[in-house]
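Visitor: Sequence and predicted structure are below.
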Amino acid sequence: MYIQDTTLSSKVVAQNSEDYKIDRGKNEWVEVLVDCPGAMGIFTYRLPSHLQVKAGDILSVPFGTQIVGGIAVRLLFMPNIDLPKEKIRNIEDIVSVGFFPKFYWQLLNRVAAYYYTPLIQVIRVSLPPGLLGRSQRRIRLIRKQKKVDLEQVNLEIINPETINQKRVNLERINPKQVSWEQKTENSHLDSSNSNEQELLLSDILPFLSLPAQKILQLLQAQTAGDYSFVYLQRQVRGASRGVKELIRRGLVESYLEPPRLARPKLQKAVILINDLSENELTSRQQEILAVLRRRGGELWQTELLQACHTSTSTLKKLAQKGCILIEERERLRTEHSPQTGEDLTGEQVKSLTPAQSTALATIQELNGYAKVLLHGVTGSGKTEVYLQAIAPLLVEGKSALVLVPEIGLTPQLTDRFRARFGNKVFVYHSALSEGERYDTWRQMLTGEPSVVIGTRSAVFAPLPNLGLIILDEEHDSSFKQDSPAPTYHARVVAQWRAELEGFPLVLGSATPSLESLISAIGEQGDWKQGNNKTHYLSLPKRVYSRPLPPIKIVDMRLELQQGNRSIFSKPLKAALLNLQEKRQQGILFIHRRGHSTFVSCRSCGYVLDCPNCDVSLSYHHTEPGAQKLLRCHYCNYGCAHPPNCPECGSPYLKFFGSGTQKVAQELSRQFPELRFIRFDSDTTRRKGAHRQLLSKFANGEAELLIGTQMLTKGLDLPQVTLVGVVAADGLLHLSDYRASERAFQTLTQVAGRAGRGEDPGQVIIQTYNPDHQVIEAVQNHDYQSFTNTELEQRQVLNYPPYGRLILLRLSSPEEIQVQKTAQAIAAVLKSGSGFDVLGPAPANVLRVANRFRWQILIKFAPDALPQLPNWEEIRQLCPQIVSLTIDVDPLNMM
Ligand SMILES: Nc1ncnc2c1ncn2[C@@H]1O[C@H](COP(=O)(O)OP(=O)(O)OP(=O)(O)O)[C@@H](O)[C@H]1O
Ligand SMILES: [Zn+2]
Ligand SMILES: [Zn+2]
């Protein structure tokens with residue numbers, strides 16, 4: 001655990017003023033986060049008295065034989081390591097001051113504290129990968145020596161006549177006795193001409209080791225006398241020994257080049273500088289200048305060439321005439337301009353519906369921190385509210401951050417934002433290449449007003465002038481990181497950030513999470529009044545008062561009774577045939593989960609539940625021939641898989657889980673003329689694949705889009721009239737206390753894709769549990785009654801949003817070790833009080849990537865202030881081979 005800065009300073013403040021004065025400014029030690037290839041972790045250094053370091057500064061520090069980049073994490077009065085003080089090395093220099101603004105630093109510390117994660121790991125998620133690795137260590141010649149220094153070490157080398165004498169002296173010098181380094185260091189230097197230098201070097205050469213000689217010669221041969229360390233290492237064997245020697249002799253110095261443009265991408269830009277009169281130009285040339293003028297007088301050469309269908313030689317002639325300037329400029333590798341040929345003109349500012357206007361007005365009246373829950377049914381135009389809330393901010397010179405669940409939904413959303421805000425829009429997510437991420441990150445640092453659209457980790461975007469954060473589809477569980485640590489939720493971090501910086505946070509969803517709902521309407525459930533700091537805004541209708549689509553529930557038990565064993569019910573078949581005939585478009589949703597399934601009876605719908613917990617049992621099948629087991633993931637109850645349904649005796653017990661692939665096969669077999677596009681994690685792996693598949697569909701190249709979860713998130717395709725859900729059951733019986741909430745959200749969202757355009761839509765949901773509370777609520781579009789029931793149940797069981805949970809995830813390649821460790825930790829935890837301990841139990845899928853996984857769930861009431869365990873002690877119970885992740889407020893219990 002990290003003691004934060006504040007703890008230390010408050011100790012000081014508590015002392016009387018005398019002590020205070022004495023201790024003040026005596027931070028002689030500093031913890032530095034080093035994060036470079038081959039070196040990673042927190043290390044303690046001594047602060048030389050002439051350097052004023054603050055937490056968050058970027059430093060250069062010695063590490064082994066290298067000088068590397070690091071971030072000052074905190075200042076210390078006493079070194080906190082078991083080393084004699086004289087063995088602790090000095091930091092070399094400050095590379096960049098105040099790298100993190102104060103609030104940002106506080107934010108990182110808060111994340112570290114709340115999620116029980118060392119600060120270093122939090123810093124790492126906030127920075128683009130390899131940022132510190134990009135600061136480059138360089139070696140340069142020390143050109144001139146101070147005469148006086150040389151004299152002090154008895155080296156009368158200035159006078160050529162004393163050369164022989166010098167040799168003798170040099171040989172006698174033991175660098176350890178006479179610190180050459182100390183004498184010449186910091187001597188930047190007034191006297192002498194370069195002759196002296198040349199003389200000195202050529203003369204010293206014979207006394208140097210071979211690598212040192214070679215390095216010196218390389219540096220001398222170059223005008224600047226300056227090479228990267230890496231280059232020297234490539235050129236000279238034993239370079240690091242050689243450099244060390246040269247530093248010791250004061251002939252070269254090593255420095256760290258601050259992080260800056262890593263190989264900036266340069267591109268030719270054309271700039272209009274002088275409009276000549278018409279008779280001096282050919283009509284072609286006039287045309288080109290006109291295009292350039294229309295586009296603001298500046299364009300990338302490639303774009304101008306394309307726009308005018310002209311050639312570089314034509315441009316060169318214009319440049320010769322002095323009309324334009326062609327110069328190399330850096331082109332940031334940001335995902336910036338939409339792909340060429342994309343038509344974005346259709347996106348106009350819309351006149352708002354009354355509900356949209358009210359919502360917008362409320363948001364715009366906010367001053368400082370406030371939280372807004374924008375609860376708008378599917379297709380109610382939440383995005384339009386975001387756009388209009390952001391527009392005035394940009395004019396004020398502020399930026400906005402828009403967080404979205406997955407890349408899959410960003411192409412459409414970003415297009416809308418780009419159409420509105422042009423090149424002020426940037427995309428920031430982990431699927432960008434390293435270069436793109438790095439450049440986008442730097443672009444954000446400039447502080448120019450911009451709109452950044454990103455996924456979870458973008459909540460750490462370094463925007464200095466933020467005025468608003470929007471979390472779209474705020475209920476989505478991908479905002480939560482399960483592992484590695486910090487196991488943060490972007491919504492929580494966004495809220496802290498908004499509080500620290502004093503601006504509003506808008507959470508938008510058609511199916512708000514129970515957490516956000518409770519914080520908006522209060523635990524008393526007052527839908528009208530809301531809560532003091534949270535505003536509840538509702539968009540209850542679709543735009544143009546379009547109706548929500550009617551939802552038909554198909555009872556698959558009846559289908560079976562009537563002899564239909566296909567995965568498509570009669571009504572769904574009819575609807576699909578209709579699509580095929582009328583060439584209309586539809587979406588087919590398949591719920592697919594890895595290896596885990598629940599078990600249900602195909603005759604009566606009975607689901608096998610755990611006798612001790614309110615969850616369904618999971619089917620476990622480790623290898624062929626092994627016994628089939630059912631197990632509970634909360635309490636580890638297990639039993640053999642029964643041959644018949646315990647309720648009705650039917651032998652048709654079925655494991656649920658049917659993948660897109662299987663559905664695709666069935667479609668081709670039963671509807672050979674129906675064209676479909678698979679849209680799932682298999683088919684969207686390539687960069688740009690989401691956009692490509694969606695535009696193919698939008699262009700009418702298929703009647704059906706089939707896929708998983710991805711389809712549910714914000715797709716706005718007005719021509720879609722049919723939505724089919726192949727089997728809702730997989731969603732209803734996940735062994736998780738959130739199963740119902742997630743099922744309701746997913747089904748409502750996917751249903752919401754139908755009938756968004758002028759043609760009315762319809763939804764068909766197939767299930768073996770037509771009477772399930774979730775199915776009924778979805779069918780009636782009744783969020784309120786669903787959440788009322790669900791909240792009651794959560795309260796009784798003390799689950800979130802009432803109680804809180806911490807999940808310990810253990811994993812190891814050693815099956816026995818991880819189980820033993822889990823048991824040992826659970827035993828210690830159970831001796832504590834103020835919280836319940838559930839488990840240890842093996843994870844749903846015991847083995848993943850050859851690691852065996854166990855977990856322990858801790859449940860407590862937030863107001864009971866439990867004596868939470870000391871995590872350091874718990875960590876110590878883990879042998880090296882077992883890793884432990886503390887998942888605070890876990891969402892994914894698998
Ligand atoms: N005031 C308006 N007038 C006309 N059209 C509008 C208006 N507001 C939004 N729209 C259009 O309505 C459609 C649905 O809006 P949008 O995608 O923002 O809905 P949403 O609330 O985000 O839905 P979901 O939660 O299902 O993603 C979009 O095509 C949008 O351009
Ligand atoms: Zn049965
Ligand atoms: Zn159980």
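Guide: Great, that's in hand. Ligands and ions are numbered 1, 2, ... in the order given.
Visitor: Leaving out the residues flanking it, which one is nearest to whichever residue of the stretch 51-200 of the chain sits closest to ligand 2?
Guide: Nearest residue of the stretch 51-200 of the chain to ligand 2: residue 115, at 43.9 Å (Cβ to the ion). (Each C-beta comes from the backbone N, C-alpha and C, glycine too.) The shortest distance from residue 115 to any non-neighbouring residue, by Cβ to Cβ, 6 or more residues apart in numbering, is to residue 486 (4.0 Å).
Visitor: What of residue 725?
Guide: residue 765 (4.4 Å).
Visitor: what's the answer for residue 542, then?
Guide: In space, residue 542 is closest to residue 379, 4.3 Å off (Cβ to Cβ, 6+ apart).
Visitor: got it, and residue 698?
Guide: Using Cβ to Cβ, 6+ apart and skipping residues adjacent in sequence, the residue nearest residue 698 is residue 717, 6.4 Å away.
Visitor: Any figure for the gap between the one you found and residue 591?
Guide: 20 Å (Cβ to Cβ, to the nearest Å).
Visitor: Likewise for residue 297?
Guide: 54 Å.
Visitor: out of these two, which sits in the more crowded spot?
Guide: Each of residue 297 and residue 591 has its neighbours counted (other Cβ atoms under 10 Å); residue 591 has more, 24 against 14.
Visitor: The residue nearest to that one when sequence neighbours are not counted sits in which helix or strand?
Guide: Spatially, and ignoring its direct neighbours in sequence, residue 591 is nearest to residue 730 (4.0 Å; Cβ to Cβ, 6+ apart). Residue 730 is part of helix 729-732, with elements assigned from DSSP states H and E.
Visitor: Quick one: mean pLDDT for that helix?
Guide: The pLDDT scores in helix 729-732 average 81.
Visitor: so how far is that helix off the chain centroid?
Guide: 29 Å (Cα atoms, centre = their mean, to the nearest Å).
Visitor: one step back: does the residue nearest to residue 698 touch residue 696 like I think?
Guide: No: counting by Cβ atoms under 8 Å, residue 717 stays clear of residue 696, with 11.9 Å between them.
Visitor: what about the helices in the stretch 251-400 of the chain?
Guide: In the stretch 251-400 of the chain, the helices defined using DSSP state H, counting those that start in this stretch lie at 283-294, 301-308, 312-320, 354-365, 382-395.
Visitor: For the fourth one, buried residues please.
Guide: In this case it means helix 354-365. 355, 356, 359, 360, 362, 363 (16 or more other Cβ atoms under 10 Å).
Visitor: and what of the last one?
Guide: Under the neighbour-count criterion of 16+ other Cβ under 10 Å, helix 382-395 has 382, 383, 384, 385, 386, 387, 388, 389, 390, 393, 394 buried.
Visitor: do you know how far residue 673 is from residue 820?
Guide: Counting by Cβ to Cβ, the gap from residue 673 to residue 820 is 59 Å.
Visitor: and what of residue 364?
Guide: In terms of Cβ to Cβ, residue 364 sits 58 Å off from residue 820.
Visitor: Residue 568 too?
Guide: From residue 568 to residue 820 the distance is 49 Å (Cβ to Cβ).
Visitor: Looking at those two, which has the bigger crowd around it?
Guide: residue 568 (23 against 16).
Visitor: got the contact list for that one?
Guide: 576, 666, 670, 726, 766 (Cβ atoms under 8 Å, 6 or more residues apart in numbering).
Visitor: Which ones among these lie within helices?
Guide: Assignment to helices by DSSP state H places the following of those there: 576, 666, 670.
Visitor: got a pLDDT number for the residue nearest to residue 725?
Guide: The model's pLDDT for residue 765 equals 95.
Visitor: again with residue 685
Guide: 66.
Visitor: tell me the SS of residue 750?
Guide: Here residue 750 is recorded as helix under DSSP: H, G, I helix; E, B strand; the rest coil.
Visitor: just checking, it touches residue 589?
Guide: Yes: Residue 750 is in contact with residue 589 according to Cβ under 8 Å; the separation is 4.7 Å.
Visitor: joint contacts of the two?
Guide: In contact with both residue 750 and residue 589: 711, 712, 723, 725, using Cβ under 8 Å, 6+ apart.
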